[in-house]
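*Asks:* next one to model:
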Amino acid sequence: MSCFLTNSSLGKKLVMSVTGCFLVLFILFHMSMNVVAIISPEGYNSICAFLGANWYALAGTVVLAAGVLIHFIYALVLTVNNYRARGNERYTVTVKEKGVQWASKNMLLLGWIILGGLLLHLFNFWSKMQLVEIMGQHQNSLGFGPADGASLIAYTFSQWYYVIIYLLWFAALWFHLTHGVWSMFQTVGWANNTWYPRLKCIANIVATIVFLGFALVVVIFFLKSICCCGAC
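*Replies:* Numbering: from 1, shown residues only. Okay, the predicted model is just below:
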């Protein structure tokens, strides 16, 4: 079984699908959690305190990091194999359609952008929240408590350059998901002529919900910061 998952092309794609599904579910959860910050900053901070540096949150962080790492490594391996076998064709799409051509051919590029955004996000939030709590500190470098996620969000997105960077990051994630979500099902044989339009529609819906949810938090907190500065 391990040889199948590491040596065969189908096995590698299956690993990509499983880890991709796990990451999509986490992204949906994370997006939903962030939206709470708009509705109730206190409620959001309660969620942050619950997750914090508790054993289950730390275990989840390790599993999540492993999922990201495995997904990216297998993406690199598959890309190299595809280059060797088919030149510049990076992903084989059984049903071709204009709407997914660019995303399907640039999944690795989008992956690099998403990885860069993730590293920035870890610096802006994880290093100032869970890591601070792991180290036994009561405040981060900005003077916020490790569970005061709402204040950290407000501070981060009061800066226009972070707003632009994060929105570009979310746009790359949207493109990545529009192809990635339906291709998870393609791997298990669902992307035939009947199911392909349905799966593409589902992928677009999921990607759009994720983009709008994350972007809404960024934009609203940025507008709040402008409003506060203008004393409106």
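
*Asks:* whichever strand or helix holds residue 13: what's the following helix or strand?
*Replies:* Per DSSP states H and E: residue 13 is located in helix 9-39. Per DSSP H and E, the first helix or strand lying C-terminal to helix 9-39 is helix 41-51.

*Asks:* and the angle for the helix or strand just after that next one with helix 41-51?
*Replies:* Heading C-terminal from helix 41-51, the first helix or strand you meet, by DSSP H and E, is helix 55-86. Relative orientation of helix 55-86 versus helix 41-51 (axes from the mean of the first three to the mean of the last three Cα atoms, to 10 degrees): 80 degrees.

*Asks:* before we move on, back to that, tell me which residues of the helix holding residue 13 are tucked away?
*Replies:* Within helix 9-39, the residues that count as buried by 16 or more other Cβ atoms under 10 Å are 11-20, 22-24, 27, 31, 33-38. Where C-beta positions appear, they are placed from N, C-alpha and C, glycine not excepted.

*Asks:* distance of residue 145 relative to residue 133?
*Replies:* 9 Å (Cβ to Cβ, to the nearest Å).

*Asks:* between those two, which has more neighbouring residues?
*Replies:* Comparing residue 145 with residue 133 by neighbour count (other Cβ atoms under 10 Å), the higher total belongs to residue 133, at 21 against 18.

*Asks:* check which residues of the helix or strand containing the more buried one are buried.
*Replies:* Under the criterion of DSSP H and E, residue 133 resides in helix 130-134. By 16+ other Cβ under 10 Å, the buried positions in helix 130-134 come out as 130-133.

*Asks:* neighbouring contacts of it?
*Replies:* Residues outside helix 130-134 that contact it (Cβ atoms under 8 Å, 6 or more residues apart in numbering): 51-53, 57-58, 61, 139-140, 146-147.

*Asks:* with respect to residue 158, which of those is nearest?
*Replies:* residue 140 (16.2 Å; Cβ to Cβ).

*Asks:* pLDDT score assigned to that closest one?
*Replies:* Turning to residue 140, the model gives it a pLDDT of 94.

*Asks:* what does it show for phi and psi?
*Replies:* Torsion angles at residue 140 (phi, psi; degrees, to the nearest 10) stand at phi -90, psi -170.

*Asks:* which residues of the protein score low on pLDDT?
*Replies:* 1-7, 86-101, 188-192, 229-232 (pLDDT under 70).
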